[in-house]
Every structure is written in structure tokens, then in C-alpha cells.
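1. just to be clear, the model below is a prediction. Sequence and coordinates:
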Amino acid sequence: DIGVTLFATQLAAENDAFGNDYDKDAMYSDAADVWDGTVDTAWYNDTDTIFTLSTAEEFAGFAELVNEGNKFSGKTVELESNIDFNGEEWTPIKNFAGTLKGNGNAVSNFEIDATTGNAGFFDVLEWATIENLTLSDITATVGNYRFGVLSRSINQTNVDNVTVKNVNVTTAGSEAFVAGLFCQGTVNSNMEVNNCTVENFTVNAENGAMIIGGITG
């Protein structure tokens, strides 16, 4: 019962009918840890300030800890692998005030329901830092509420090198706010948003919407 997964790119010295750089953007990191539906919080303690997560279960545990009231103020969470949430519904992370370093990894393949309240991957980012993270392959349904893929609201927060891609949003709410990165925020001297990208972001608003923004509402 041995399984082998091979990730390989062509050597620059090799050449064929496609040339020698047709797969130059291929990466070993395309492999992702797929969520099994359980939650792991055993990695956390109150003493350490830096935590490294490598499984979907650990990341789900991170979300649970924040939603139980731990804002992670003064703490850093680093992601060291891609995370695939297996098409399951994502419960927005309520209020995060720490640092999340994606290290170039992606959190992908999940659904968000914003038909009964405001939502996003995070609900609120306040005094937080998010960097080098990709959110991809997301389906969202929005009612007359506010929805931002990364966060519904940001305040006093730095966001750097975040990519949002392959997102499909459906809203039947004529008063909906929909945004590719964050829906609303307070602009001040403690907030910076740099080097962020939103691509392949599709919104089906059959009854119109109050605001639709590629980056922000």
C-alpha cells in the first residue's frame, strides 16, 4: 500500500518540441494537505509566540481558537504547506489581530455562506498582518450583507502580497456589498495594502447589488 506522487519540472538544459521553458512556472508546492473534517489545536500553547502549521486540521484548529476568543495579538502563525478544504463550508474567522504568514502557500477549495450575515475568510482584521498568502477556488453565496473574500472588514491592518483567484460569487441581494479583497475598512496611517492581486473573480448579481468591487467595496 505505497502511493507515489511525482512533481517534476523540465531541466533548463533539456529541449523538446515545446522548448525548454513551457513548464517553468510548475512548482513542487502544488501538492496540498486535504482536510478530513477534524480539528487539531494540540499545537497551540499560551507561551510560544510563533506557530507553524502544516495540515488542514491544524489550520481549522487555528480558526476555532480565534472564534473562541483568542485574537492571537502579538503572535505569528506561519503556513508551511498548501491547504485544501475539500469543498466544505468555511466558518469565517471572527476577529484576528495577529500575523498570518502564508509563505507563498494557498488555502483553497471552500464555500462561504453570507446569506444570513456578513462574511469573508476573515470577518474582521484589526491590528493584524496578512502576507504572502493565496486564497483560491472559492464559491460564495451572498444575501443583503457585506462580503469580502479575504475579509469583510479591515482596520489598522497591513496586507501584503495576497492573491485571491478563481472565485465565484452569487448574490440575489440588491443591497449586497461584494469585494474581491475586503469589503470595508478604516484608512489610517497604520494600514497598508500592497502587492495584492484579484483574478478570475466572477459575481452573478441577478437582482443587482449595492456595491461590487474587484479589490474593495
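-> Perfect, thanks for sending it. Numbering: from 1, shown residues only.

2. number of residues surrounding Thr116?
-> 8 (other CB atoms under 10 Å). Placement of C-beta: from N, CA and C, glycine included.

3. Asp36 now?
-> 10.

4. check Thr38 too.
-> 10.

5. over to Val169?
-> Neighbours of Val169 using other CB under 10 Å come to 24.

6. nearest residue to Thr134 in space, please, no chain neighbours.
-> Excluding its sequence neighbours, the residue lying closest to Thr134 (CB to CB, 6 or more residues apart in numbering) is Ala106, at 3.8 Å.

7. what sits closest to Ala209 if chain neighbours are left out?
-> Ala176 (4.4 Å).

8. hey, which helix or strand in the chain has the poorest pLDDT?
-> Sorting the helices and strands of the chain by mean pLDDT, DSSP states H and E puts strand 182-186 at the bottom, at a mean of 87.

9. could you list the low-pLDDT ranges of the protein?
-> Along the chain, the model assigns pLDDT under 70 to residues 5-16, 18, 20-30, 187.

10. which strand of it spans the most residues?
-> In the chain, assigned by DSSP state E, the strand with the most residues is strand 99-114.

11. please name the residues that touch Asn86.
-> Val34, Trp35, Asp36, Gly37, Ala56, Asn109 (CB atoms under 8 Å, 6 or more residues apart in numbering).
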